[in-house]
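In: Show me the folded form of this:
(2 chains)
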Amino acid sequence: MEQNETGKKTILIVEDDTFMGSLLERKFKQEDFQIFRSGNVNEAKEVLKAGPVNLILLDIILPGADGITFLEELKADIKFQNIPVIITSNLGQQDEIDRGLSAGASDYVVKAHATPGEIVSKVKSILG
Amino acid sequence: MENKKNISLKEKAIWLIRAVVMVVVFAMVFFDYLSPLAGGLFFLLLLADSVLLAVLFSDFKKGWEIFDAETQKKSIELQEFDKITRQLVRRELEVDRANQRLAELDAAKSDFISVAAHQLRTPLTGIKWSYTALLDKDTGPLNPDQKEIAEKGLAAIDQSIGLINDLLNVAHLEEGKLDFDFKRQSIVPVAQKAFAGIKLLAEEKNITISSKIPETGFPEINMDAEKMGLVLANLLDNAVKYTPAGGRIEFGIGQDQGLIKIVIQDSGIGIPKNQKGRLFTKFFRADNATGVQTSGTGLGLYMVKNIVERHGGKIAVNSIEGQGATFIITIPEQSAKKK
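Out: A predicted model of the protein is given here:
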């Protein structure tokens, strides 16, 4: 698994709600992860171009483009298709969850039903 | 009407010609150009012909009038038929348009519910995660008062999120869009999880809670585990909510004549006799329930009944007000297999 120069695993949080993004960032940093945050898909693409990312936490409703379309693009791109993606969204209907998982997400978390600590645990279990 | 007028004119013209011919024949006889006998004969022939023609014209006229009336009648009928056909075509188009609009509104309603749930959950998530951060001591240790406040805040937020989920589930139930994932499985793990989820809450309220859940040898049923979990969590949560401190709750699962039987019995406030019939209806909350717990949508038992019925089961309640309530769910085992 690729790691950055600090040796820490890198998580890209794609979340347009800055407060929730900051709470997630705080929790992951406590657990010794390196964090990049972006509020939209374009910023996320720039982060991915700049360096290795071990896992992406991806919201669905984002300004400009939706997360599922971005996920489909990632899974179709040989450079990024192996990066695990966990969808973190407050859209919680079964058809929305199915849509996310069939687009290639490793997991789907309804944010209101989870805590940042539980999201960290999911990330750890995926990254091993 | 035009034809009628033409015939009348033709008739007049013929009579006029005949009159002229008669005058000419009379003149020819008068001025000795024609013998009186020939003139008389010619005159009689013309007269006879005219009488015959008059009779024929009269019959033709009558026939034409009948034909004309029939034609007009048919024409009016055809016009009516055409009008009705046009109206039917227009109505069909209107129905098509209305159906299309309904489908659009249905989709918009579904999207609206989904988006509204998302928009409501988002700020609640921010608050929930804030309390969680405090309770996880992310910002340092809390004193007992701070901890209690954060815990109560978190419980209130979780309750609000639960209410949104209930509203969303009921909206989808009504639309027939609540997805069920039926699998042949045992209810035992679902019951164990529901009991574990409520046990602490009951004990904190000083309620004695016990369960009789068989470990092995229980038949599998066609079940959506998540939805059945929702049913049990709702009934157990109600039992805790409406049983005062010092009370007891018993939760049991068993088999009875080809049925899976789930029993949740409490020693709580019970249900007023005259309100039992409305207990499973939407938005209904019993009078004595609102006295104990002001919050609540009255959607829980409505949802519970719908989910149980989707499993082919039934729910019944026995209760005496002030002495507790017993909810009994029965679900057919169908082609049950021992696990």
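In: what does chain A have sitting close to chain B?
Out: Those residues of chain A that sit near chain B, judged by CB under 8 Å from any CB of the partner chain, are A:17, A:19-20, A:23-24, A:26-27, A:30, A:61, A:89-96, A:110-113, A:115-117. In short, each C-beta sits where N, CA and C put it, glycine included.
In: 6 Å - rerun?
Out: A:19, A:20, A:23, A:90, A:91, A:93, A:94, A:111, A:112, A:115, A:116 (CB under 6 Å from any CB of the partner chain).
In: Could you list which of the residues you listed belong to helices?
Out: A:19, A:20, A:23, A:94, A:116 (DSSP state H).
In: can you pull the contacts of the second one?
Out: Contacts were defined as CB atoms under 6 Å, 6 or more residues apart in numbering or on different chains; by that measure residue A:20 touches residue B:126.
In: what about it, distance to residue B:270?
Out: Distance of residue A:20 to residue B:270, computed by CB to CB, to the nearest Å: 43 Å.
In: Ok, the first one next?
Out: In this structure, residue A:19 lies at 45 Å from residue B:270, with CB to CB as the measure.
In: These two: which is more packed in?
Out: residue B:270 (23 against 15; other CB atoms under 10 Å in any protein chain shown).
In: So that one: helix, strand or coil?
Out: At residue B:270 the chain is in coil, as set by DSSP: H, G, I helix; E, B strand; the rest coil.
In: Just put the ones in helices among the residues of chain A next to chain B in JSON lines and tack on distance to residue B:324 and pLDDT.
Out: Formatted as JSON lines, these follow (distance: CB to CB, whole Å; pLDDT from 0 to 100):
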{"residue": "A:19", "distance to residue B:324": "45", "pLDDT": "93"}
{"residue": "A:20", "distance to residue B:324": "43", "pLDDT": "93"}
{"residue": "A:23", "distance to residue B:324": "43", "pLDDT": "94"}
{"residue": "A:94", "distance to residue B:324": "36", "pLDDT": "77"}
{"residue": "A:116", "distance to residue B:324": "41", "pLDDT": "95"}
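In: and those residues, which two are the farthest apart?
Out: Farthest pair in these (CB to CB) is A:19 and A:94. Separation: 27.8 Å.
In: sorry, back to before: which one of the residues of chain A next to chain B sits closest to residue B:153?
Out: Distances from residue B:153 to the residues of chain A next to chain B, taken by CB to CB, are shortest for residue A:115, at 13.6 Å.
In: Hmm, the closest one is touching residue B:132, no?
Out: Yes - in this structure residue A:115 lies within contact range of residue B:132 using CB atoms under 6 Å: 4.5 Å.
In: Which other helices and strands does the lengthiest helix in chain B contact?
Out: Using DSSP H, we find that the single longest helix of chain B is helix B:36-135. Applying 3 or more CB pairs under 6 Å, 6 or more residues apart in numbering or on different chains; DSSP states H and E, one finds that helix B:36-135 contacts helix A:18-30, helix B:2-30, helix B:144-175.
In: Mind doing that once more with 10 Å?
Out: The contact analysis (3 or more CB pairs under 10 Å, 6 or more residues apart in numbering or on different chains; DSSP states H and E) places helix B:36-135 against helix A:18-30, strand A:85-89, helix A:94-102, strand A:107-110, helix A:116-127, helix B:2-30, helix B:144-175.
In: where in chain B is pLDDT low?
Out: B:1-8, B:57, B:59, B:110, B:177, B:291-296, B:335-339 (pLDDT under 70).
In: Show me how it divides into domains.
Out: B:1-178, B:183-332 (automatic domain parsing).
In: Show me what residue of the stretch 151-300 of chain B gets nearest to chain A.
Out: Nearest residue of the stretch 151-300 of chain B to chain A: residue B:179, at 4.2 Å (CB to the nearest CB).
In: For that residue, what is the enclosing helix or strand?
Out: Taking DSSP states H and E as the definition, residue B:179 sits outside all helices and strands.
In: mind listing what it touches?
Out: A:93, A:94, A:95, A:97, A:98, B:172, B:224, B:226, B:227 (CB atoms under 10 Å, 6 or more residues apart in numbering or on different chains).
In: so which of the residues you listed is the most crowded?
Out: residue B:227 (22 neighbours).
In: where do the contact lists of residue A:115 and residue B:132 overlap?
Out: Joint contacts of residue A:115 and residue B:132 (CB under 10 Å, 6+ apart) are A:23, A:27, B:154.
In: Out of those residues, the closest to residue B:214 would be?
Out: Of the shared contacts of residue A:115 and residue B:132, the one sitting nearest to residue B:214 (CB to CB) turns out to be residue B:154, at 34.3 Å.
In: who's in contact with the nearest residue to that closest one once chain neighbours are set aside?
Out: Excluding its sequence neighbours, the residue lying closest to residue B:154 (CB to CB, 6 or more residues apart in numbering or on different chains) is residue B:131, at 4.1 Å. Taking CB under 10 Å, 6+ apart, we find residue B:131 in contact with A:115, B:149, B:150, B:151, B:152, B:153, B:154, B:155, B:156, B:157, B:158.
In: let's see 8 Å
Out: B:150, B:151, B:153, B:154, B:157 (CB atoms under 8 Å, 6 or more residues apart in numbering or on different chains).
In: Buried subset of the residues you listed, written for ChimeraX?
Out: A single ChimeraX command selects the buried members of the contacts of residue B:131 (16 or more other CB atoms under 10 Å in any protein chain shown):
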select /B:150,153,154,157
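In: give the contact list for the spatially most central residue of chain A.
Out: Nearest to the mean C-alpha position of chain A, by CA atoms, centre = their mean, lies residue A:57 at 1.3 Å. The contact partners of residue A:57, taken as CB under 8 Å, 6+ apart, are A:11, A:12, A:13, A:14, A:15, A:24, A:85, A:86, A:88, A:119, A:123.
In: neighbours around the third one, how many?
Out: Pointing back at residue A:13 there. Residue A:13: 25 surrounding residues under other CB under 10 Å.
In: Same check on the second one?
Out: Residue A:12: 23 surrounding residues under other CB under 10 Å.
In: Quick check, pLDDT for it.
Out: What the model reports as pLDDT for residue A:12 is 97.
In: Just the element for it, please.
Out: Applying DSSP H and E as the criterion places residue A:12 in strand A:10-14.
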